[in-house]
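Asks: My questions are about this predicted structure, shown below with the sequence.
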Amino acid sequence: MLGPVMVGIDGLALDATARELLRHPLVGGVILFHRNYESPEQLAALAREIHALRHPRLLIAVDQEGGRVQRFREGLTPLPPPAAIGRLWREDRRAALGAAERLGWLMAAELRALDVDLSFAPVLDLGRVRAGVIGDRAFGRSPEQVAALGQAWMRGARRAGMAAVGKHFPGHGGVRGDSHRELPEDPRPLADLVLEDLVPFERLIHAGLPGVMTAHVLYSAV
C-alpha cells in the first residue's frame, strides 16, 4: 500500500539516500523538477529506477503545464502557456477547444512514454490578476472559458493514458503573491469564490477529474 506523502529528490539518478527515502512506508510518490532532468533517455532510466523500488509502484509526478512551468524541456515538445489557448478562444472557440485537447494529449503522451505517471495540470485558476504569479498560466479570466478549455485539456490527457490534477483549488487567481515565497491573502467572501473561482473545479469534477492540488493561500473571509 502506498503512503500519503509525495517527496522530492536530488540529482539525475537515485543514490542511497534517495532510495532509503522512497522506501519509507509513508511515501507514496515523488515529484520531479528541472534538477532531475537532463534528457528523455535519462528521465526514462530514472523512472524505471523509481518504479522498481516498491510494489505497488510509487507514483511519479511533475509540473508540466506549458509556458513558464514546463520542468522537462530538452528533447520534448515546447508547450505554449495556457493563456495562448485562451487568446485563440476569443477568435475561434472550436479551434481553441481542439488545441487544448491536442496539447493535453501531447503533454501526456510524451510523459507516459517516459514512464511518468502524472502532470499536475491543468491550471484551473482564473486569470484575475494579470501580473500575478498565475498570469499566463491561466486559460483566461472567465469561469466558463477556463472550465471549457480545462475540460478539453483533461480529455486529451485521458486519451493518452494520464489522469488530470486540477489546480490550485479553490482558486489562486485572485492574489498577486507567489505562495512558494509568502502566504498570499485573498479577502473575497465565499460567495464570490463559489460564483467564480470554484466553477471550473466543479465542472471538471462532474466530468471525472480524479484529483486536485490545493492553493497555499489564506482566504481570510472564509
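Replies: Looks like it came in fine.

Asks: what's the distance between stretch 67-80 and the middle of its chain?
Replies: Remark: stretch 67-80 is offset 13 Å from the chain centroid, using Cα atoms, centre = their mean, to the nearest Å.

Asks: wait, I meant stretch 198-205
Replies: Distance, centroid of stretch 198-205 to centroid of chain: 15 Å (Cα atoms, centre = their mean).

Asks: quick one: contacts of that stretch?
Replies: Applying Cβ atoms under 8 Å, 6 or more residues apart in numbering, the set of residues contacting stretch 198-205 from outside is 124, 126, 143-144, 146-147, 150-151, 154, 164, 166, 169-171, 209, 212. C-beta coordinates here come from the backbone N, C-alpha and C atoms, glycine included.

Asks: One more pass at 6 Å, please.
Replies: Under the criterion Cβ atoms under 6 Å, 6 or more residues apart in numbering, residues 124, 143, 146, 147, 150, 151, 166, 169, 170 lie in contact with stretch 198-205.

Asks: Compare these and tell me which is most surrounded.
Replies: residue 124 (37 neighbours; other Cβ atoms under 10 Å).

Asks: just checking, that residue touches residue 166?
Replies: Yes. Taking contacts as Cβ atoms under 6 Å, residue 124 lies within contact range of residue 166: 4.4 Å.

Asks: the strands in the protein, which residues?
Replies: In the chain, the strands defined using DSSP state E lie at 5-7, 27-32, 59-62, 64-66, 69-70, 118-119, 165-169, 185-186, 211-214, 218-219.

Asks: Neighbouring strands of the first one in the sheet, and parallel or not?
Replies: Applying DSSP bridges, strand 5-7 is found paired with strand 27-32 (parallel).

Asks: just to revisit the earlier point, which one of the strands of the chain has the most crowded surroundings?
Replies: strand 118-119 (a mean of 26; mean count of other Cβ atoms under 10 Å).

Asks: quick one: which of the contacts of stretch 198-205 sit in helices?
Replies: 143, 146, 147, 150, 151 (DSSP state H).

Asks: how close does the first one get to residue 37?
Replies: This points to residue 143. Separation of residue 143 from residue 37 (Cβ to Cβ, to the nearest Å) stands at 34 Å.

Asks: Please apply the same query to residue 217.
Replies: As defined by Cβ to Cβ, residue 217 lies at a distance of 28 Å from residue 37.
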